[in-house]
Every structure is written in C-alpha cells, then in structure tokens.
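Provided below for reference: sequence and predicted model.
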Amino acid sequence: MKKVLLIMAMVGILTSCSEDDSKDSSSEQIIEHTFTIDGTTSYTYVLGAFGVEEGASIQVEPEHFQTSELDRDFNSGIINYLYEPNPNYVGLDYVELIATRGSDGASTGEDITIVKITFNITE
C-alpha cells in the first residue's frame, strides 16, 4: 500500500512540474516582397541580426538560380539571403525563407517569420 501511495505521489509531482502543452506563445508572421532585377544582377536580402540559438533557412528553393544561399556573419549575427538568377533567364522566380527567433537556449525559437520573395527577372 505504501508503494502505491509513493508511486501516486511521484506521478502527481511529475505531472504538476511538466510544462503546460496547451500554452501556445509562438507567433508566426508572413512577409511578402516582389523585386525586379535584371538577369545580370545579384540581390541581397537582409534578414537582420540573430542570436546564437536563432537562425534562418531556405524553406522553398527558387527554380532558376545560380546562387541561392544564406550567409551569416558570426560577429554581428546578421543573416543575409543572396540570390543570383541563372544566366539568360527572364521571368519569375520564387524563394521562401523561414527565420526563427525567441529561443530560450533550450528550445527552438517561438517567433517565426516566413519571408516570401518573388523575383521578376528582366533582360
């Protein structure tokens, strides 16, 4: 009987100490841009400064790129997205970036920004 009570007490303590999964403090923001560039120009989009546990990634890769990459300056924490279209390509291209901020150091960030960029590439 003492073992049953001890087990029930332990379960109660562990349950009361666990995080409440019903709390959703995360936020998501969507930013959309359209940029017109000529086919010989590269474009840099500045995502801003990020903490050590924060970051960005390419969620949807463009289809007509020569260069499509994220570059992080580890001294400043600034992340830039670099894009250059394929040579001789004229038309639209699209990339989707995801930036995550608000990390507490033990988990992923809760503030998510999705950046949707359409490139109008001209001659």
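Here it is on my side, so go on. Residues are numbered from 1 along each chain as shown.

Glu61 reaches Val95, doesn't it?
Yes - counting by C-beta atoms under 8 Å, Glu61 touches Val95, with 6.8 Å between them. Backbone N, C-alpha and C define where each C-beta goes, glycine included.

between these two, which contacts overlap?
Ser68 (C-beta atoms under 8 Å, 6 or more residues apart in numbering).

neighbour count: those two, which is higher?
Neighbour totals were compared for Glu61 and Val95, and Val95 leads with 20 against 10 (other C-beta atoms under 10 Å).

what's the closest non-adjacent residue to that one?
Pro62 (4.4 Å; C-beta to C-beta, 6 or more residues apart in numbering).

where does the one you found sit: helix, strand or coil?
At Pro62 the chain is in coil, as set by DSSP: H, G, I helix; E, B strand; the rest coil.

so it sits right up against Leu82, yeah?
No - Pro62 lies out of contact with Leu82 (C-beta under 8 Å); the separation is 11.5 Å.

just the buried positions in stretch 115-123, please.
115, 117, 119, 121 (16 or more other C-beta atoms under 10 Å).

now, among those, which is nearest to Val52?
Val115 (21.0 Å; C-beta to C-beta).

neighbours of the residue nearest to Val95, how many?
Pro62: 19 neighbours (other C-beta under 10 Å).
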